[in-house]
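A.B. asks: Quick one, fold the following:
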Amino acid sequence: MKGLIGRKIGMTRLFVNDVSVPVTVIKAGPCVVVQKKSRETDGYDALQLGFEEIPERKVNRPMLGHFKRAKVKPFRILKEFRVENPDEYEEGQTLDVSIFSEGELVDVTGWTKGRGFAGAMKRWGFRGGPKSHGSKFHRELGSTGQHTEPARTFKGKKMPGRYGNERVTILNLEIVKIDRENNLIAVKGGVPGARGSLVLIRSANKAPKPKQ
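C.D. replies: From the prediction side, this is the model:
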């Protein structure tokens with residue numbers, strides 16, 4: 001499985017065969033292989049990639065030793081990507097958008113916008129009560145559905161709470177265009193997160209079967 005770390009630039013549209021296609025532009029990589037993990041030593045095969053170089057003074061000593069062992073510069077972001085054969089890669093190797101191709105399907109993971117503590121109507125889309133005067137029930141949660149028995153609220157009930165800032169993966173997004181000079185990937189459709197937020201791009205794990 002191929003993968004890159006990137007940041008969401010924003011949305012725009014591209015014309016493909018005179019058809020307007022909404023796309024999300026992602027600045028992906030370049031990423032550097034910081035560590036290789038194998039099934040024999042770690043229990044699984046994966047690559048640890050680094051993204052966005054930072055000065056050594058911003059890294060603590062244990063992490064600085066981790067980077068020096070791989071003979072690479074310190075990075076702000078470290079993420080792991082499962083691969084079938086780690087021996088195909090070398091520590092210090094740079095990966096960029098050239099590992100993908102236009103028309104390929106990818107899975108994109110992002111973190112949704114954080115909206116803080118929200119009421120049930122905003123968080124879950126509840127309809128609420130009557131809007132007329134005198135109702136006294138407009139934007140409230142309403143009954144939680146319990147009585148003397150069981151005399152408690154069941155876990156998982158949709159109630160007010162923290163809304164957003166969740167990890168979400170969108171599957172099978174098509175790569176519409178790749179700009180290798182600027183490390184940009186345009187994928188069809190929307191991607192979770194605000195502009196400038198971190199995203200992970202992986203080759204599609206379960207691509208849909210072609211229509212007969």
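A.B. asks: was I right about V187 contacting E104?
C.D. replies: No: V187 lies out of contact with E104 (Cβ atoms under 8 Å); the separation is 9.8 Å. Any C-beta I mention is one placed from the backbone N, CA and C, and that applies to glycine too.
A.B. asks: what do those two both touch?
C.D. replies: Counting by Cβ atoms under 8 Å, 6 or more residues apart in numbering, the shared contacts of V187 and E104 are 174-175.
A.B. asks: ok, the two, which is more surrounded?
C.D. replies: V187 (24 against 17; other Cβ atoms under 10 Å).
A.B. asks: Give me the residues contacting the helix or strand where that one lies.
C.D. replies: Element membership for V187, per DSSP states H and E: strand 184-188. Strand 184-188 has contacts (Cβ under 8 Å, 6+ apart) with 6, 9, 12, 14, 21-28, 97, 100, 106, 108, 173-179, 201.
A.B. asks: Mind naming the longest helix for this structure?
C.D. replies: In the chain, assigned by DSSP state H, the helix with the most residues is helix 61-69.
A.B. asks: Average pLDDT for that helix, rounded please.
C.D. replies: Taken as a whole, helix 61-69 has a mean pLDDT of 91.
A.B. asks: How about it, which residues are buried there?
C.D. replies: Within helix 61-69, the residues that qualify as buried are 66-67, counting by 16 or more other Cβ atoms under 10 Å.
A.B. asks: And stretch 106-113, by the same measure?
C.D. replies: 106-111.
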